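Asks: Sequence first, predicted model second:
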Amino acid sequence: MAKEVIATEQAPAAIGPYVQGTKLGELVFTSGQIPLDPSTMEIVSGGVEQQAEQVMKNLVAVLKAAGSDTSKVLKTTCFLSDMNNFVAFNQVYARYFGDSAPARSCVEVARLPKDVLVEVEAIAHL
């Protein structure tokens, strides 16, 4: 079984030696999505809510390009630059998963790429 690279113009292009996502069999693995606007490759303005919104839009775009969606996400890993943003982040995150919330880890990290406030990666099925 060969892995397939997932690529879409609806999510930011990779800013390093990685791809937006990969598919193997019935599983999809997304790279961590940060709040870059895919049309400008600039970080969206605003606080954690605005950044989380863009992150989730980017994640949805990669999942869609792979043939999946948020209802099929099995696990996410969420990275916050400040755990004080946990509640605000969760309000945005919850809107995208509704009753099909996946397993999740959410951790505070010292620093994220481009000094963003949030990053999310996912594993989903088709």
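Replies: Good, I have the coordinates.

Asks: can you count the residues close to the spatially closest residue to D115 that is not a sequence neighbour?
Replies: Residue nearest to D115 in three dimensions, not counting chain neighbours: S81, with 7.6 Å by Cβ to Cβ, 6 or more residues apart in numbering. In short, each C-beta sits where N, CA and C put it, glycine included. Number of residues near S81 (other Cβ atoms under 10 Å) recorded here: 18.

Asks: S81 contacts K114, doesn't it?
Replies: No: shown here, S81 and K114 do not form a contact pair, counting by Cβ atoms under 8 Å, at 10.9 Å.

Asks: Please report the distance of D82 from I15.
Replies: As judged by Cβ to Cβ, to the nearest Å, D82 and I15 stand 22 Å apart.

Asks: Packing partners of the helix or strand harbouring V55?
Replies: Using DSSP states H and E, the element containing V55 is helix 48-66. Judged by 3 or more Cβ pairs under 8 Å, 6 or more residues apart in numbering; DSSP states H and E, helix 48-66 is in contact with strand 4-6, strand 21-24, strand 27-30, strand 36-37, helix 86-97, strand 118-125.

Asks: Adding mean pLDDT, write those out as CSV.
Replies: Shown next, in CSV, are these (pLDDT from 0 to 100):
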stretch, mean pLDDT
strand 4-6, 97
strand 21-24, 98
strand 27-30, 98
strand 36-37, 98
helix 86-97, 97
strand 118-125, 98
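
Asks: among these, which is nearest E53?
Replies: helix 86-97 (5.4 Å; Cβ to Cβ).

Asks: Touching that closest one from outside, list them.
Replies: Taking contacts as Cβ atoms under 8 Å, 6 or more residues apart in numbering, the residues outside helix 86-97 that touch it are 47-49, 52-53, 56, 59-60, 70, 73, 78, 80, 101, 106, 118, 120.
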